Every structure is written in structure tokens, then in C-alpha cells.
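[1] What shape does this take:
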Amino acid sequence: MEQPTKVIVLHATKYGETSVILNAYTQQLGLRAYVVNGVRSAKRKKTFSMGMFQPLTQLEFVATTPKRTGLSVLKSAKIIHPYKTITTDIAKSSICMFLAEVLRSVLREEEENTSLYHFLEHSLIWLDTHDKTANLHIYILIQLTKYLGFYPDVSNISKPYFDIQNGQFCEHKNSNECVSGEEVILLKSYLGTKFDEVDTILATAKQRRALLKLLMRYYQLHVQSFRMPKSLDVLYEVFS
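    This is a model prediction of the structure:
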């Protein structure tokens with residue numbers, strides 16, 4: 001029997017007739033997969049409901065790992081931060097879908113990173129408890145690069161160009177992966193802002209979209225096998 005662990009749900013995939021495989025980011029073990037038996041059955045009395053496994057739900061649960069299969073099986077689960085607004089607000093739920101996709105692409109299996117877990121936990125509670133959230137997904141993407149090892153070098157932040165390939169600011173356009181303009185000016189705003197002031201950054205939907213496009217390219221260049229999130233277009237639509 002494993003000890004209770006805190007997890008953030010990333011994705012649930014159908015498994016067999018009535019079960020799912022749950023991908024989750026855990027506080028102690030990094031990225032893990034769990035079998036949730038019977039959650040899709042028609043029975044009225046079930047141990048779990050699919051509502052518990054929506055993207056970025058925060059749970060505490062206990063699992064066992066039978067030697068026979070090697071797959072961890074969920075035994076008990078409870079929601080530890082019941083969201084008040086994320087589940088009913090289309091913009092917030094779209095942010096969660098998008099971030100869950102990004103996290104599935106960039107997190108590595110069985111690699112503990114407690115500070116990253118706490119950052120995600122704090123970010124999601126902030127999203128749930130604040131009204132002005134249009135800047136949050138971009139801020140999280142930028143901060144996430146700290147934990148993944150490619151946070152932009154800000155030593156030359158006054159320079160007009162941003163070299164996406166090398167993650168640094170420069171004076172001249174060194175390559176096709178060097179950009180300047182509104183999105184770079186906006187990137188500098190995010191880099192100079194603390195978490196609790198993220199809602200004070202002023203930007204239009206068009207400017208955010210351009211910066212998000214830049215960040216997706218940045219991730220592509222720095223994370224091997226990064227997959228462009230399918231929910232990106234939904235996000236563009238919601239915040240247009």
C-alpha cells in the first residue's frame with residue numbers, strides 16, 4: 001500500500017469497458033499513471049466519479065501496485081481544493097485544458113520536483129479565486145521555464161531582440177529565430193512582474209496571442225518532442 005499522495009490530474013484515457021488510465025503529476029513521484037477501475041460503469045454506487053478527474057483537479061489519493069501487472073491501481077481519492085469557479089467559467093476551464101496539455105508534453109516521469117508542484121498548486125488556486133485571469137496562462141508558461149531549465153536570460157533585457165533559440169535578448173537579429181516588436185516588449189513586462197500583480201499587465205487579445213505564439217515556438221525549440229496543444233485554438237477563441 002502506498003502512502004497518501006497529493007496529485008494534479010492531467011488526463012484520463014478510456015481503459016477497458018468501464019475504467020480509465022489516469023495521468024497525474026504527483027508531489028512525491030513526478031509524472032505517474034494509475035488505473036481507476038469501474039469509474040465509467042453505469043452503476044449508481046461507485047467509488048469514484050469522472051468529475052474528480054477533470055484536467056488540473058487537485059486530489060489526495062492512495063494507490064496500490066500489484067506485482068502481477070505493475071500498474072498502480074487507485075484505491076481512494078478525495079478533492080483537496082474544491083474549485084468554486086474553474087468548473088463553471090469557460091475562460092478558466094479553457095486555461096486548465098490548455099495548461100494540462102502543455103504539462104503532459106513537458107513533465108518527465110518519476111522525477112520529483114516539490115517546488116514545481118507547489119507553484120502549480122498556487123497557480124490553480126489563484127486562477128480559481130481571481131476574476132482577471134487573461135494573463136495567467138502566459139505568466140505560468142514563462143515561469144514554468146524556470147523549473148524546466150530554459151528561463152530567458154534577462155541580463156540584456158534592455159536589448160530590442162529576443163533570440164528564441166538561445167533564450168536571450170540581443171542587439172541585432174542574429175537568425176530567423178530572433179524576433180522584436182510588441183510581443184517582445186510584452187514578454188519583458190511579464191518577466192518583470194510578480195505573481196500577485198499578473199492581472200495588472202495591460203495587453204490586448206491580439207498582443208497576447210502574438211506572445212503566446214512566440215512562447216509555443218520557444219517551447220518547441222527547448223523541449224524535445226513538445227506537442228503543440230490541440231486546445232490552443234480554443235484558447236485563442238475564448239480570449240479573442
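
[2] tell me, how many neighbours does the residue lying closest to L187 once chain neighbours are set aside end up with?
    Spatial nearest neighbour of L187, excluding adjacent residues (Cβ to Cβ, 6 or more residues apart in numbering): L211 at 5.9 Å. In short, each C-beta sits where N, CA and C put it, glycine included. Using other Cβ atoms under 10 Å, L211 has 23 neighbouring residues.

[3] what helix or strand does L211 sit in?
    Element membership for L211 (DSSP states H and E) is helix 205-222.

[4] Counting by contacts, list what that helix packs against.
    In terms of contacts (3 or more Cβ pairs under 8 Å, 6 or more residues apart in numbering; DSSP states H and E), helix 205-222 is packed against helix 90-106, helix 136-148, helix 182-191, helix 232-238.

[5] where among those helices is the average confidence lowest?
    Across the helices and strands packed on helix 205-222, helix 232-238 has the smallest mean pLDDT, namely a mean of 89.

[6] Tell me which helix or strand comes right after the top strand by length along the chain.
    What stands out as the longest strand in the chain, according to DSSP state E, is strand 5-15. Next helix or strand after strand 5-15 toward the C-terminus (DSSP H and E): strand 19-26.

[7] Tell me the buried residues in that following strand?
    Residues of strand 19-26 classed as buried by neighbour count (16 or more other Cβ atoms under 10 Å): S19, V20, L22, N23, A24, Y25, T26.

[8] Please work out the average pLDDT along it.
    In this model, strand 19-26 has an average pLDDT of 93.
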